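> Have a look; sequence and predicted model below, questions after that.
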Amino acid sequence: MSEERADYCWLNGQFVRWDDAVVHIKTHALHYGSGVFEGIRGYGTEDGNVLIFRLREHIDRLFYSARVYRMEVPYSRDEICNVIVELVRRNNFHETVYIRPIVFRGYGPLGLNPVRVPVEAAVYVVPFGRYLGPEALEKGVRCMFSSWERISPRALPPEVKACGQYINSILAKLEAVEHGFDEALFLDHRGFVAEGSGENLFAVKNGELITPPLYASILRGITRDTVITLAREELGINVVERDITRAELYGMDEVFITGTAGELTPVVEIDRITIGNGKPGPITRKLQKAFSEVTLGKNPKYEHWVTPVY
């Protein structure tokens, strides 16, 4: 993976040099996690273009998250989308990149009532490779169920991509790595399978694709939606959204996790129990191929999902 930096970032309406993209130590979000964000991929193509995947959907979710946390974004959706395209262009990136827009409570009074704290916005973009390691997509990853429960909707809104909520994911990820695994999985507040530390989860049984429902304390994933659409429309696979027990997951034919960073990553082991034959399965492989074709602009049916930079 390339070094994670760029020439330019965007902060509060201005394109600034990387080292100048700073905030004050009194920034509200630094103390209370009062921010929302997105993770977006731009895919480098053979002809040197960069195709930003489902940009509008990501920005719509960013604005939804901000609304839930009662933050008025000081820019329009179109302005943020245009900034992202221009930022990739200004940095002259032609490889695959990761784009991080963030909206947060900025410099202002401390305390838990942030109504007098201004809302700020920023975007950065960096070259990006394989989130879960160079061989994750090909060989799969090993997961464990965390001792930490996925945040309950009675406490926080799991479908919102908010900064402070990711402490839940950080604790689970640290635990998994400390135990020698690649990734963590959560159970929800009811004891059913929820998702990974930063990914949604899918399983295959007898040719049917199964995924936890939105009420299972999961993020409303854009990659999740992409996979469901491709499975149904391109591969003719029956997709069922239902609760999955931990024990049931052990007996699935295939398991994979999805997200902007992790894309479609096969899971070959959970809690030291081998999934299927211990190798990425055929439906996982078909979905990986269909997903790759769409992200690289090779399927004209979904060209509305990609935004070219150049």
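Perfect, thanks for sending it. Residues are numbered from 1 along each chain as shown.
> Does anything pack onto the helix or strand bottoming out on mean pLDDT in the chain? Which helices or strands?
Sorting the helices and strands of the chain by mean pLDDT, DSSP states H and E puts helix 136-139 at the bottom, at a mean of 94. Secondary-structure packing of helix 136-139 (3 or more C-beta pairs under 8 Å, 6 or more residues apart in numbering; DSSP states H and E): strand 263-270. Placement of C-beta: from N, CA and C, glycine included.
> let's see it at 6 Å
When contacts are defined as 3 or more C-beta pairs under 6 Å, 6 or more residues apart in numbering; DSSP states H and E, helix 136-139 packs onto no helix or strand at all.
> Run the chain-centre distance for the helix or strand that it is followed by.
The helix or strand immediately downstream of helix 136-139 is strand 141-145, counting by DSSP states H and E. Distance of strand 141-145 from its chain centroid, counting by C-alpha atoms, centre = their mean, to the nearest Å, is 18 Å.
> What lies in contact with strand 141-145?
Contact with strand 141-145 is made by L132, A176, H179, F181, D182, E183, L185, T265, V267, E269, I270, D271, as judged by C-beta atoms under 6 Å, 6 or more residues apart in numbering.
> Pick the one among the residues you listed closest to L201.
Using C-beta to C-beta, the shortest approach to L201 within those belongs to L185, at 6.9 Å.
> which residues touch that closest one?
For L185, the contact set (C-beta under 6 Å, 6+ apart) comprises C143, F145, G196.
> TSV please, covering those and showing pLDDT and neighbour count.
Formatted as TSV, the contacts of L185 follow (pLDDT from 0 to 100; neighbours: other C-beta atoms under 10 Å):
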residue	pLDDT	neighbour count
C143	99	26
F145	99	19
G196	98	29
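> got the buried residues for the least confident helix or strand of the chain?
Of all the residues in helix 136-139, those buried under the rule 16 or more other C-beta atoms under 10 Å are A136, L137.
> ok, the contacts of L185 vs P280, which is closest?
Once C-beta to C-beta is applied, the member of the contacts of L185 that ends up nearest P280 is C143, at 13.8 Å.
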